[in-house]
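Participant: mind folding the following:
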Amino acid sequence: MSRVRLPSFALNNKRQMTKEAIAMSINAIYLRRDSKVILPENTAGIADISLIATILKNIENLGYTFSKEVIIELITSTNEDVVKFGLDITNSLKLMLGDNVVHRPMYPNFPSQVMEATKAELYVNALLHYFGKEVGLRILPVYDKADRPLLDHKKPLTIIEKGSLTEFAKLMTNLLTSKISFNEVDREDIKTTLAELSLGLSDVPNKENLAFVATLESEFTRQFKTATDVLRYAVARSDGDISLATKTKFKKFTKAQRREILGLLNALSGDITEDMLRYKSEWKRLGEILHPGEYASRFAKAAEAFNVLRNDLPFETFNSKTERLIKENKAAEAAEHLASRPGEFARRLDQLLRIVGDKPGLSQVIVSQFYVVAPKVSTSVLLQTRAHFLNRDSKGLRVFFPKGNIAKFTAVEDKRSSIEERHALSVVNACTNALAKIYSEKESLGRVFVDPSLSGYLIPFGNRSASAGVKTLARGTRMKIDENDKVIRFFTHWKDAGSDVGRGWGTDIDLSAGMLSANFNHTGTISYYNLREVGGVHSGDITSAPNGASEFIDIDIEKALAAGHRYIYMSILSYSRESFKDIPELFAGFMGRTSAGSGEIYEPKTVLNKVDITVDGTNAVPLIIDLNAREVIWTDMTMPSTSYRPNNVASNKNGLELLSEAMITRKAPNMFDLFTIHASTRGVLVDTREDADIVFALDGDITPFDTELILSEYV
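Facilitator: Alright, predicted model coming up:
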């Protein structure tokens, strides 16, 4: 089976990398992103087979194994290199899967111990624990840990393949050329990589990513084309929000840095004033730092633009003209005006079609104009516009994800006037045809099979605020629960946030679950105040974690369904109200367990996803289970918490129900549609894997977890 030929690129070592540097700085990234490693240099040694066997056993317990090629190369390495390599890989996997800490729930024989305990026993244990907190003691019940049956787990191990510096560089090049904004982990990985390797990169298409990369390597500033590019760069140099969604406190730049920023602005082609007016207040604040008047003779264009902003001189911008035409209900003129900026046209299309309503011919004129300019719209905007109009009049909430680094949302009742179905479908066709035209310029794929199950995997356009985890998933993605998994086990682990630890107060993180009906009505709760519910059980509430603490919730799928529950959401709340970003160690996730009683309570090989929770908030909702469909819906969202009541599931119930409905009913661009457009344009769709040259599937040549490749070469 052939693979897609990837474009060539330049790779140059910035310095001679040692084996230790590769293991520490690159293999951890490579392993996490692609399940590949760079092996120790072949020294023609003969390693002790028992050492390799020990490593294999250790990583097997984590759900991984080595490929035959990796094992053969390790055999020809020295014992010293094998031991170092094995420790690095094992530690990286443990950190990735949350097995780098000791998990001690309140009840060590969970879940049976909690299910079998009397209400009085559970009540007294909780009462003593809460009383201890009030007097500065950490009182936990003392129980002997019973022997547990061996883990019942039938899933195949993930194979770690042999990689190379060249392949790793290509992986990171794909990340750099992604059309979607970096998240925090992406930025750290890029920073680490560029400190070690020169990727010979020619273009960074995403403007936010470009600003960040330019702070690492100054030659990337040559790619700046607009004043906003320069503004993002100044924000990045001040460690601010590169998305420009929140205000930045600009640092006091040196004279050299001020001249650099003003020089970049002055060197841009065309009129920069209009673009600067888009972020007028930000530029005014930056101007107070840059002192453009001091350099008016040297950077005249920049100084004049700042003069317009500071003195509010008259200047009609493109957007102000658009707003004026729309306010005057001149949709046709607005469409003609917007045609010169196709991306903005796409974003305003729904508004224009609502303005003209059922006026004869006007809707068709607007759609026809969009047909002409659609091939000039970015592919990411085309994909989102296509999905929007494909589901334009579907019932449900309107969901908004505000721009920025925080994974928050707004959901409102859809009160927009309808758009004729034929016009909506015309827009869908315009987007599809434009995408086909753009993608047709890429290399042929040959015969292609696209697995229909990929329709549940959404394109991660909101990756900017995604939590760092084992898998990168778009919000709203639906993952099938393995047929062998009878129980879904939620987990969280945290460590106290500092100042209160000495007096035994500590950080109180609560793991909870809310149960909903098919109509999103509340049907049950599993939380610190209700450890048992039909279909679910909690491991016990711990209110401080000086050395770390863990909580678990088991959801028995069949029992929960039989009790009338349809959806179950997972909730992480900071009862003590420390922001998640201030907690030194906090992660959460879920496991798929064949049997609740087999194996240890925390079995890393059963972890289906684990994420670090580092957002500025006190209420996170990582996922929702659709029990009937046997799917996990990935949400990775942050909710605003109540300020006048205890921060628990009960006080946040209405908001959590709204979030669940919004995420469950949300429609967004998915990978099945994306790959099908590619296949139809660049090859021939076939019905079976066996007839394909390339397979897009969960276990195919390209999987939905090949995020870097997808966002770079397929979006």
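
Participant: quick check: phi and psi at Ala117.
Facilitator: Dihedral pair for Ala117: phi -70, psi 150, per degrees, to the nearest 10.

Participant: how about it: what's its closest non-neighbour residue?
Facilitator: Among residues not flanking Ala117 along the chain, Tyr107 sits closest, at 7.8 Å (C-beta to C-beta, 6 or more residues apart in numbering). Heads up, the C-betas are built off the backbone N, CA and C, glycines and all.

Participant: again with Tyr569
Facilitator: Excluding the flanking residues, the one nearest Tyr569 by C-beta to C-beta, 6+ apart is Ile624, at 4.6 Å.

Participant: try Gly63
Facilitator: Nearest residue to Gly63, sequence neighbours excluded (C-beta to C-beta, 6+ apart): Lys605, at 3.3 Å.

Participant: wait, isn't the one you found in contact with Leu62?
Facilitator: Yes. Checked against C-beta atoms under 8 Å, the pair Lys605 and Leu62 is within contact range at 5.9 Å.

Participant: and for the two, which residues touch both?
Facilitator: The overlap between the contact sets of Lys605 and Leu62 (C-beta atoms under 8 Å, 6 or more residues apart in numbering) is empty.

Participant: tell me the pLDDT of the residue of the chain most remote from its centre.
Facilitator: Going by C-alpha atoms, centre = their mean, the residue of the chain most distant from its centre is Ser297, 46.0 Å out. You'll see Ser297 listed with a pLDDT of 95.

Participant: about what we covered before: tell me the secondary structure of the residue nearest to Tyr569, please.
Facilitator: Here Ile624 is strand, with the state taken from DSSP: H, G, I helix; E, B strand; the rest coil.

Participant: please enumerate the strands of the stretch 101-250 of the chain.
Facilitator: 158-162, 197-198 (DSSP state E, counting those that start in this stretch).

Participant: okay, those in TSV with mean pLDDT and mean neighbour count next?
Facilitator: Shown next, in TSV, are these (pLDDT from 0 to 100; neighbours: other C-beta atoms under 10 Å):
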stretch	mean pLDDT	mean neighbour count
strand 158-162	97	16
strand 197-198	83	18
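
Participant: which among these is found nearest to Ala236?
Facilitator: strand 197-198 (20.4 Å; C-beta to C-beta).

Participant: residues contacting the helix or strand harbouring Leu382, please?
Facilitator: Assigned by DSSP states H and E, Leu382 falls within helix 379-390. Contact with helix 379-390 is made by 179-180, 343, 346-347, 349-350, 374, 377, 419, 424-425, 427-428, 431-432, 434-435, 438-439, 459, 461, 667-670, 673-674, 715, as judged by C-beta under 8 Å, 6+ apart.

Participant: next, the buried residues of stretch 534-551.
Facilitator: For stretch 534-551, burial by neighbour count (16 or more other C-beta atoms under 10 Å) applies to 535-545, 549-551.

Participant: cool, stretch 599-611 as well?
Facilitator: Those would be 599, 601-611, for stretch 599-611 by 16+ other C-beta under 10 Å.

Participant: how close does the residue nearest to Ala117 get to Asp152?
Facilitator: Applying C-beta to C-beta, to the nearest Å, the value for Tyr107 to Asp152 is 21 Å.

Participant: hang on, the earlier thing: next, format the strands of the stretch 101-250 of the chain as TSV and append distance to Gly287.
Facilitator: TSV is the format used below for the strands of the stretch 101-250 of the chain (distance: least, C-beta to C-beta, whole Å):
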stretch	distance to Gly287
strand 158-162	52
strand 197-198	35
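
Participant: so which of those strands gets nearest Tyr233?
Facilitator: strand 197-198 (20.5 Å).

Participant: what pairs with the closest one, parallel or antiparallel?
Facilitator: strand 12-13 (antiparallel) (DSSP bridges).

Participant: can you give me the neighbour number for the closest residue to His565 other than its chain neighbours?
Facilitator: The shortest distance from His565 to any non-neighbouring residue, by C-beta to C-beta, 6+ apart, is to Met515 (4.3 Å). Applying other C-beta atoms under 10 Å, we find 25 residues neighbouring Met515.

Participant: list the contacts of Met515.
Facilitator: Contacts of Met515 (C-beta under 8 Å, 6+ apart): 522-526, 533, 535-536, 560, 565, 567-568.

Participant: what about 10 Å?
Facilitator: 521-526, 533-536, 555, 560, 563-569, 625, 627 (C-beta atoms under 10 Å, 6 or more residues apart in numbering).

Participant: got the domain ranges for the protein?
Facilitator: 7-108+146-177+180-219, 226-268+279-315, 318-439, 446-462+669-714, 477-665 (automatic domain parsing).

Participant: now distance to Asn125 too, for those, in a markdown table please.
Facilitator: Putting these into a markdown table (distance: least, C-beta to C-beta, whole Å) gives the following:
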| stretch | distance to Asn125 |
| --- | --- |
| domain 7-108+146-177+180-219 | 7 |
| domain 226-268+279-315 | 44 |
| domain 318-439 | 35 |
| domain 446-462+669-714 | 41 |
| domain 477-665 | 7 |
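
Participant: so for Gly469, which of the ones you listed sits nearest?
Facilitator: Each of the domains of the chain has some distance to Gly469 by C-beta to C-beta; the shortest is domain 477-665, at 3.6 Å.

Participant: leaving out chain neighbours, which residue sits closest to Ala563?
Facilitator: Val534 (4.0 Å).

Participant: same deal with Val537?
Facilitator: Among residues not flanking Val537 along the chain, Pro111 sits closest, at 4.7 Å (C-beta to C-beta, 6+ apart).

Participant: and that neighbour, how far is that from Tyr30?
Facilitator: The value you get for Pro111 to Tyr30, if C-beta to C-beta is used, is 37 Å.

Participant: what about Asp189, neighbour count?
Facilitator: 24.

Participant: and the residue lying closest to Pro460 once chain neighbours are set aside, what's its pLDDT?
Facilitator: Spatial nearest neighbour of Pro460, chain neighbours left out: Ala474 (3.8 Å); criterion: C-beta to C-beta, 6+ apart. Looking at Ala474, its pLDDT is 90.
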